Every structure is written in C-alpha cells, then in structure tokens.
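>>> Give me a 3D structure for the following:
(one chain, ligands or ions: 1)
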Amino acid sequence: MTEPYSKRLALAVEERGRLCVGIDPHPSLVSAWGHTPDAAGAESFARGLIEAIGSRVAVFKPQSALFEAYGSPGVAVLERVLRSCREAGALVILDAKRGDFQPTMQGYARAYLMADSPFAADALTVSPYLGVGSLQPAFDAAAESGRGLYVLARTSNPEGGIVQLASTGEGTSVAQQVADDVQVRNDVVGPEFGLVVGGTHDDLGLDLARFTGSVLVPGLGAQGATMADIDRRFAGTGASLLPTTSRQVAGAGPDAAALCEAVDRLLAG
Ligand SMILES: O=C(O)c1cc(=O)[nH]c(=O)n1[C@@H]1O[C@H](COP(=O)(O)O)[C@@H](O)[C@H]1O
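Predicted coordinates:
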C-alpha cells in the first residue's frame, strides 16, 4: 500500500461520499435475492452488490462470520470478495472483530494486516476486550503496511453498555479508556486507527473531542438509526464519521437500479 489508510479513506470519501456498505450474506438475504443459501449463493450476492454499487460507494465492509458460516468454500469466497471490492475502486474494511492475547494476535496480523496476507483488506475491525495492549501486534502490522484498524469502543447493540459503560475505577468509562488508548497510538503514527461507535445511542458514553481517527458508525437502517439521528447524536464531537449499513442497502436488491437508489438516498442524508 503506497499511501497510509487515513489518506486513502479521506480521498475515497471526498470522491464518493461518507458511506460504507456492509456485505453480509445472511442466508435469508441470499435466498431473497434468488440464490441458494450456500457459498455459491453468497458469492453471487456479494458480486451483485459490488457490480451494482462498487463504483459509487467509498467503502465496503464484508462480514467475515457470514462467509465462514458457509465453510471453507465460503472462506474462499471471502478472499475473492476482498479482491473484487478493491478492483471496483472501493476501499474495504474486513469486519472480523478479532481480539486475542499478543502471541495469537500476531497470527491475526499475519492473516489480515500484512502485504501478503490472504485476507488483506484496507482495514480490520478488532475487539479490545482482552485489553487494548493485547492488540499491539495488530497496531504494529497495520502501521507498517499502511492499513487501518477499527477498535470497538461503544458498539451499536443494547447489550454492549454493561461492559463498555462500566467505570474503570479512574472515573472514565471503559469505552472512553479504549478511545484514549487508541488515540495514544494515533498521536505517534498519525490518524490511522479508528473506533467503532454505534449510531443507536442518544448518549454516546464517550467524548470524541480529542480523537483524530475515523469513527465507523453502524446502526443505520435495520438497527433503527437514520443519517439525521447519527448527525444529531455526534453533533459537536468533531469526529470524522463513516456511517455503515448492511441490510438497508442489500435489502433493496437484487435490482441494480434499486441498490443504487438506496445508496444515493443515504448519501443525500
Ligand atoms: O464492527 C461492526 O461492523 C459492527 C459494530 C457494531 O457495533 N455494530 C454492528 O452492527 N456492526 C456490524 O455492522 C453490521 C450491521 O448490519 P446492519 O444492521 O444490517 O446494518 C453487521 O455486520 C454488524 O456485525
């Protein structure tokens, strides 16, 4: 990768607008598109999305588990889908939410974050709930290869609060501590590391004023949030937002014109 992730993302968003579309081949959705709910069907579904909207969205976000659930053929499809997203000119965030202790995290770094990784994407979602420090091999590999990370801070699901809003004992929420620990890395390497903060909460539970990285915001559409809700909930944070939705766009398919319309409606705000 020639340019750092933050620069490639800024350019893609400037050219195409701030939207990330998830590629989530749920069996029900694959079937609704008229495909068999198996690896071949998942590939047709993903290809349909990429062909229809790959030249107009800034970022795609394939969800790893939803390919893994189809077994090794599904995993091979995921590898090809990552390539196809890039060939369409979009960036790609692999949503795998990885997180483990450091020696194992080195394995995840080899799998996802190096130039010759089989599942190399532009960025990867990671879970900090074994401690942000446990992710250090991923921070190091991403910085070296010009890739980004999105660290889960305040997830969109209602169950997340019990862990993420708990107090660290120093008077801050766990989510705030995660954001601050990620920012420490951004202060060193530049704004390459992002956070995931759901768009579903009226009270975000963390202060993003000092955060310089990208903030991936799930929760649009099927989880109830609108673009207006997201703008209202993040107003005044100064954060650089990347709203993301999966089912709201894919649910409009398989018709290519309908998929484009769904994207355009979201981009119009
Ligand atoms: O990391 C994520 O992408 C993510 C974080 C989060 O807090 N909430 C969340 O919904 N996601 C993912 O974003 C996608 C949301 O899908 P839709 O609800 O269909 O838009 C799913 O693939 C989720 O796994």
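>>> Is any residue of stretch 211-230 near the ligand?
Yes - Stretch 211-230 lies within reach of the ligand by C-beta under 6 Å from any ligand atom, at Pro218, Gly221, Ala222, Gln223. The way it works is simple: take the backbone N, C-alpha and C, and place the C-beta from them, glycine included.
>>> can you list those residues in a markdown table and add pLDDT and distance to Trp33?
Shown next, in a markdown table, are those (pLDDT from 0 to 100; distance: C-beta to C-beta, whole Å):
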| residue | pLDDT | distance to Trp33 |
| --- | --- | --- |
| Pro218 | 98 | 22 |
| Gly221 | 92 | 17 |
| Ala222 | 93 | 16 |
| Gln223 | 96 | 21 |
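>>> Contact residues of the stretch 151-269 of the chain facing the ligand?
When proximity is defined by C-beta under 6 Å from any ligand atom, the stretch 151-269 of the chain lies next to the ligand at Thr155, Ser156, Val196, Gly198, Pro218, Gly221, Ala222, Gln223, Thr245, Ser246, Arg247, Gln248.
>>> show me the contacts for the second one.
This points to Ser156. Gly198, Gly199, Thr200, His201, Pro218, Gly219, Gln223, Ala225 (C-beta atoms under 8 Å, 6 or more residues apart in numbering).
>>> one more time with 10 Å
Residues in contact with Ser156 (C-beta atoms under 10 Å, 6 or more residues apart in numbering) are 196-201, 217-220, 223-225, 244.
>>> Now for these: which two are most distant?
Val196 and Gly224 (16.9 Å; C-beta to C-beta).
>>> These two: which has the busier surroundings?
Set side by side, Val196 and Gly224 show more neighbours around Val196, with 23 against 11, by other C-beta atoms under 10 Å.
>>> Looks like the more buried one contacts Ala239 (just checking).
No - Val196 is beyond contact range of Ala239, at 11.8 Å (criterion: C-beta atoms under 10 Å).
>>> which residues in the chain form helices?
Counting by DSSP state H, the chain has helices at residues 5-16, 27-32, 39-53, 64-68, 71-87, 102-112, 136-145, 161-164, 174-189, 227-233, 247-250, 256-268.
>>> Now distance to Leu130 and mean pLDDT too, for the ones you listed, in CSV please.
Listed next are those as CSV, based on distance: least, C-beta to C-beta, whole Å; pLDDT from 0 to 100:
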stretch, distance to Leu130, mean pLDDT
helix 5-16, 23, 97
helix 27-32, 30, 98
helix 39-53, 30, 98
helix 64-68, 18, 98
helix 71-87, 24, 97
helix 102-112, 9, 98
helix 136-145, 11, 98
helix 161-164, 12, 96
helix 174-189, 12, 97
helix 227-233, 28, 96
helix 247-250, 29, 97
helix 256-268, 34, 96
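>>> Thank you, goodbye.
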